[in-house]
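Peer 1: give the three-dimensional model of this entry:
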Amino acid sequence: MTSPVAESVSTPHEKKRIYLETLGCSKNQVDSEIMLASLQNQGFEMTKTPDSAEVIIVNTCA
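Peer 2: Numbers count the residues shown, from 1 in each chain. The predicted model follows:
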C-alpha cells in the first residue's frame, strides 16, 4: 500500500517543495532530520523559506 504523499510526487520532473521548522529539544532535531531524509527520498525538495514551499511542517514537542 502506498501513501497519498508518495503518489502525489511520482512525476520525476516536478519536485514538491517543503519547509521544515523544528522547535524544542535536540531530540526534535534528530526526528526532523529523519523525517526530512524520508521526504527527500520520496521526491520532496527542502526550501529555505516557508514562502517558497508548497508544504510547511512544524515539528514541536508534545
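Peer 1: quick one, longest strand in this protein?
Peer 2: The strand that spans the most residues within the chain, counting by DSSP state E, is strand 16-22.
Peer 1: and it, what does it pack onto?
Peer 2: In terms of contact count using 3 or more CB pairs under 8 Å, 6 or more residues apart in numbering; DSSP states H and E, strand 16-22 is assigned the packing partners helix 26-41, strand 44-46, strand 55-59. Yep, even glycine has a C-beta here, placed from its N, CA and C like the rest.
Peer 1: each with direction, which strands does the second one pair with?
Peer 2: On the basis of DSSP bridges, the sheet neighbours of strand 44-46 come out as strand 16-22 (parallel).
Peer 1: for the strand it pairs with, what is the distance to the chain centroid?
Peer 2: Averaging C-alpha coordinates over strand 16-22 and over its chain gives two centres that are 5 Å apart (CA atoms, centre = their mean, to the nearest Å).
Peer 1: so which of the helices and strands packed on strand 16-22 is the most packed in?
Peer 2: strand 44-46 (a mean of 17; mean count of other CB atoms under 10 Å).
Peer 1: how far does it sit from its chain's centre?
Peer 2: A distance of 6 Å separates the centroid of the chain from that of strand 44-46, by CA atoms, centre = their mean.
Peer 1: no further queries at this time; thank you.
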